[in-house]
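**Student:** pasting the sequence and the predicted model now:
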Amino acid sequence: MIASKIPATVITGFLGAGKTTLIRHMLANAKGKRIALIINEFGDLGVDGDVLKGCGEEVCREEDIVELTNGCICCTVADDFIPTMEKLLARKDRPDHIVIETSGLALPQPLVAAFNWPGIKTQVTVDGVITVVDSAAVAAGRFADDHAKLDAQRLADEGLDHESPLEELFEDQLTAADLIVLNKVDLISAADLEGVRAGIAGHLSRKPIFIEARQGEVAPEVLLGLGVGTEDDIANRKSHHELHHADGHEHDHDEFESFVVSLGPVSNPAAFTEGLKSLIVTHDILRLKGFADIEGKPMRMVVQAVGSRIDTHFDRPWGAGEARATRLVVIGLHDIDETAIRAGLAGLTG
């Protein structure tokens, strides 16, 4: 039965871990395999989908890429994900494989459970859940907690009885994994990498496979064809939300906010990038991504920032008739100062 089903791979991971880069590399090396993509983003500017559509590969057909910009596919399974899957399965040229990139703020568990829905389970199976980890960020302590330090704090403060939502979300994505990709290993030392691996393994009762990657470069043969059937094992991968709130309360991400900023052309890309770093640090921006219009350049510049680390590259020429613009998605915690950030970004162009 499983052999007759279309395999689907769920790719999850925290903000900026490198999920889109991993998928882009996968597509570029798919060797004729027809892959359909469902991309879920936080914020209403489809950066990841646009980056993938511009990859220039035959497998990056626009009709094979579906974008859901509701922010959290785990909260809208019935409204968004199930209808999207039904449309893909109704196509005459059904894909060989389906890849789903979740938002960096999404829980994988409800999504995987949705593959048990009638009409989906008989046609599709979850080949595996892949969690991409920004090894450099974890080594810096931004997305991982220190249990020894936390235990010491609990002894001193009885009011501290839970971990932060960010840490719980990160752990939930690890808990769901069949394969963990330790990405960006080139940015840290071997000793730090071993610490990251040991720290992650210490959180997990299950033992997923670990692999290392630089710039998301993992062979498709490694990512696809795991053959796990994860939907049948979802009960063993409960999230913090499921463990703490078994009363059926809605899961939400009210602690996060995002907004899109539209700007004019950038005259000095180096100064623009440095200015972004300063704003990110000042306002503790979790994630910033988008496209920039650089004066005198025929190509658009992709901007991807995680913390104060910013990557930029020119991905494709501006299309004929396409409006050139600088547009950025900013993601932060609920108390982020949107007014100040908008003003700061406006001062970086011109």
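**Tutor:** Thanks, I have the structure now. Numbers count the residues shown, from 1 in each chain.
**Student:** chain center to the host helix or strand of Ile180: distance?
**Tutor:** For Ile180, the host element (DSSP states H and E) is strand 179-183. Mean-position distance between strand 179-183 and its chain equals 13 Å (CA atoms, centre = their mean, to the nearest Å).
**Student:** next, the angle strand 179-183 makes with the helix or strand following it.
**Tutor:** Along the chain past strand 179-183, the next helix or strand (assigned with DSSP H and E) turns out to be helix 190-203. Using axes from the mean of the first three to the mean of the last three CA atoms, to 10 degrees, the inter-axis angle of helix 190-203 relative to strand 179-183 is 150 degrees.
**Student:** now the very next helix or strand once past helix 190-203, how far from the centre of its chain.
**Tutor:** Downstream of helix 190-203, the first helix or strand assigned by DSSP H and E is strand 209-212. Relative to its chain's centre, strand 209-212 lies at 18 Å (CA atoms, centre = their mean).
**Student:** got the CA coordinates for strand 209-212 in CSV?
**Tutor:** Extracted in CSV, the C-alpha atoms of strand 209-212 (Å, rounded to 0.1, in the frame of the first residue of the first chain):
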residue,chain,number,x,y,z
ILE,A,209,19.4,10.5,12.1
PHE,A,210,21.9,13.5,12.2
ILE,A,211,23.7,14.8,9.1
GLU,A,212,25.8,17.9,8.6
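**Student:** who touches the next helix or strand after it?
**Tutor:** Scanning forward in sequence from strand 209-212 by DSSP H and E, the next helix or strand is helix 220-223. Here helix 220-223 makes contact (CB atoms under 8 Å, 6 or more residues apart in numbering) with 9, 22, 26, 29-31, 33, 130, 179, 211. Bear in mind the C-beta positions are built from the backbone N, C-alpha and C, glycine included.
**Student:** so where do the helices sit in this structure?
**Tutor:** Under the criterion DSSP state H, the chain contains helices at 19-28, 47-53, 82-90, 108-113, 135-139, 147-156, 165-175, 190-203, 220-223, 240-244, 269-283, 338-346.
**Student:** quick check: phi and psi at Asn29.
**Tutor:** Phi and psi for Asn29, reported as degrees, to the nearest 10, are phi -120, psi 30.
**Student:** from Pro269, how far out is the closest residue to it other than its chain neighbours?
**Tutor:** Distance criterion CB to CB, 6 or more residues apart in numbering; nearest residue to Asn29, sequence neighbours excluded, is Pro220 at 5.4 Å. Computed as CB to CB, to the nearest Å, the Pro220 to Pro269 distance reads 33 Å.
**Student:** do Val329 as well
**Tutor:** Counting by CB to CB, the gap from Val329 to Pro269 is 19 Å.
**Student:** out of the two, which sits in the busier spot?
**Tutor:** Val329 (22 against 16; other CB atoms under 10 Å).
**Student:** give me the beta-bridge partners of that one?
**Tutor:** As for beta bridges, Val329 partners with Val260, Lys289 under DSSP bridges.
**Student:** give me every residue that touches the residue nearest to Met301 when sequence neighbours are not counted.
**Tutor:** Using CB to CB, 6+ apart and skipping the chain neighbours, the partner closest in space to Met301 is Ala292 (4.3 Å). The neighbours of Ala292, taking CB under 8 Å, 6+ apart as the test, are 263, 266, 269, 272, 300-301, 303, 312, 326, 328.
**Student:** are any of the contacts of helix 220-223 buried, and if so which?
**Tutor:** 9, 22, 26, 30, 130, 179 (16 or more other CB atoms under 10 Å).
**Student:** show me the shaky parts of the stretch 251-350 of the chain.
**Tutor:** Residues of the stretch 251-350 of the chain meeting the criterion pLDDT under 70: 251-256, 307, 350.
**Student:** can you do 90?
**Tutor:** Within the stretch 251-350 of the chain, the set of residues satisfying pLDDT under 90 comprises 251-261, 280-291, 302-323, 325, 327-336, 347-350.
**Student:** got it, and the stretch 1-150 of the chain?
**Tutor:** Within the stretch 1-150 of the chain, the segments meeting pLDDT under 90 span 1-4, 13-21, 23-95, 101-120, 137-150.
**Student:** if we go to 80?
**Tutor:** Applying pLDDT under 80 to the stretch 1-150 of the chain flags the ranges 1-3, 15, 40-82, 103-107, 141-150.
**Student:** one step back: residues near the residue nearest to Asn29, how many?
**Tutor:** Look at Pro220: counted by other CB under 10 Å, it has 19 neighbours.
**Student:** with Arg287 instead?
**Tutor:** Arg287 has 22 nearby residues by other CB under 10 Å.
**Student:** roughly how far apart are it and Ile23?
**Tutor:** Counting by CB to CB, the gap from Arg287 to Ile23 is 17 Å.
**Student:** could you measure from Thr349 over to Asp293?
**Tutor:** Relative to Asp293, and taking CB to CB, Thr349 is found at 9 Å.
**Student:** oops, could you answer that again for Glu171 instead?
**Tutor:** In this view, Glu171 and Asp293 are 39 Å apart by CB to CB.
**Student:** swap in Glu167?
**Tutor:** As judged by CB to CB, Glu167 and Asp293 stand 37 Å apart.
**Student:** adding distance to Val99, write the helices of the chain out as JSON lines.
**Tutor:** Shown next, in JSON lines, are the helices of the chain (distance: least, CB to CB, whole Å):
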{"stretch": "helix 19-28", "distance to Val99": "6"}
{"stretch": "helix 47-53", "distance to Val99": "10"}
{"stretch": "helix 82-90", "distance to Val99": "11"}
{"stretch": "helix 108-113", "distance to Val99": "13"}
{"stretch": "helix 135-139", "distance to Val99": "22"}
{"stretch": "helix 147-156", "distance to Val99": "33"}
{"stretch": "helix 165-175", "distance to Val99": "16"}
{"stretch": "helix 190-203", "distance to Val99": "23"}
{"stretch": "helix 220-223", "distance to Val99": "9"}
{"stretch": "helix 240-244", "distance to Val99": "25"}
{"stretch": "helix 269-283", "distance to Val99": "29"}
{"stretch": "helix 338-346", "distance to Val99": "32"}
